[in-house]
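1. can't give you the sequence, but here's the structure:
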């Protein structure tokens, strides 16, 4: 026992052990990339990518991401994300479809190509 700490089995000691277990299990994700800008056309483009401490069934690539493009009024143009329960997928206007994740470079490239296409369609 560390001098000055409550005895083993006390409520305080149990709480500390639970916090230590929680911190071990729920290691924080590491921010890999974050960028946000507004284009001349009035689009907000935001890209955020985190690296997870461990792979999961839904995220075997260990990445959590949200790539977003929308209008200033809040209208969604394109979004790629992998929220819990849905896995890798993309939103293009009103439609949603699964996305086959290859690697981060392909993800970014596919997203930016969709943004360019959506911008052309809006002209």
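-> Arrived safely, thanks for sending. Not measured: the values here are computed from a predicted model.
2. What is the neighbour count of residue 68?
-> Neighbour count for residue 68, taken as other Cβ atoms under 10 Å: 20. C-beta here means a position set from N, CA and C on the backbone, and glycine is covered the same way.
3. can you pull the contacts of it?
-> Neighbour list for residue 68: 44, 45, 46, 47, 76, 78, 79, 81 [criterion: Cβ atoms under 8 Å, 6 or more residues apart in numbering].
4. Only whichever of the residues you listed are buried, select them in ChimeraX.
-> In ChimeraX syntax, the buried subset of the contacts of residue 68 is picked out as below (16 or more other Cβ atoms under 10 Å):
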select :45,47,78,79,81
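5. Tell me which helix or strand the residue nearest the centre of the chain sits in.
-> The C-alpha lying nearest the average C-alpha coordinate of the chain belongs to residue 65 (Cα atoms, centre = their mean; 3.0 Å). Following DSSP states H and E, one finds residue 65 within strand 63-71.
6. Can you list the strands that the next helix or strand after that strand pairs with?
-> Next along the chain after strand 63-71, taking DSSP H and E as the criterion, comes strand 76-81. Its sheet considered, strand 76-81 pairs with strand 63-71 (antiparallel), strand 89-92 (antiparallel) by DSSP bridges.
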